[in-house]
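1. task: produce atomic coordinates for the following.
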Amino acid sequence: MKSRRFNSSEMRRFIKFSIVGVIGFIIDTGALNIMIGYLGMSTGLLRLVAKTISFSLALTSNFFWNRYWIYPESRSKSVRVQAVQFTVVNLIGLALNLLIFGSVSSALIPTFQNYYGSQIGLILGTNAGQVAAVAVVLFWNFFANRYWTYGDVE
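-> Model (predicted):
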């Protein structure tokens, strides 16, 4: 792996990655809130299943945005190889995401429910866990994908 400085082209990639991340966040959070709020997937294990599904929907969108917008010059690897690498990086990201999401939301939901009521507290605690998880996993995903999945890009 070549040593790379975080120069202006890397900053542009990070900004694009962050924009794609916002799109993924909207997909992830929207799907999560639908499953929890409307489909009743609000208890412990069901909440984590809902989070896994919502994360997977965002992952699919993010792969295509990364491949075709952020790293269009990355063509020395096949789509299949990059998809597998991207998935591996993001499965590690998912594990981190679930750990942080589960811990933060489980800790905050009861407090929020005491102040705001059962349903609003559930949504606020869930979304606080979501924001905490995304904030940490953003950096893991960017750097791991940049230097492994799209390492062929100068």
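2. so who does the residue nearest to residue 29 when sequence neighbours are not counted touch?
-> Distances taken as Cβ to Cβ, 6 or more residues apart in numbering place residue 130 nearest to residue 29, at 5.7 Å, with adjacent residues excluded. Bear in mind the C-beta positions are built from the backbone N, C-alpha and C, glycine included. Neighbour list for residue 130: 28-29, 32, 101, 105 [criterion: Cβ atoms under 8 Å, 6 or more residues apart in numbering].
3. buried residues, the helix or strand containing residue 113. List them.
-> Using DSSP states H and E, the element containing residue 113 is helix 79-116. Neighbour counts over helix 79-116 (16 or more other Cβ atoms under 10 Å) mark 82-83, 85-87, 89-90, 93-94, 97-98, 100-102, 104-105, 108-109, 112-113 as buried.
4. average pLDDT for that helix?
-> Helix 79-116 carries an average pLDDT of 94.
5. before we move on, what about stretch 27-44?
-> Across stretch 27-44, pLDDT averages out at 88.
6. so where do the helices sit in the protein?
-> Counting by DSSP state H, the chain has helices at residues 8-37, 44-65, 79-116, 118-144.
7. measure the residue nearest to residue 29 to residue 99 for me?
-> Plainly put, residue 130 is 13 Å away from residue 99 if you go by Cβ to Cβ, to the nearest Å.
8. excluding covalently adjacent residues, which one is nearest to residue 69?
-> With sequence-adjacent residues excluded and distances taken as Cβ to Cβ, 6+ apart, residue 69 is closest to residue 16, at 6.4 Å.
9. separation between that neighbour and residue 118?
-> From residue 16 to residue 118 the distance is 40 Å (Cβ to Cβ).
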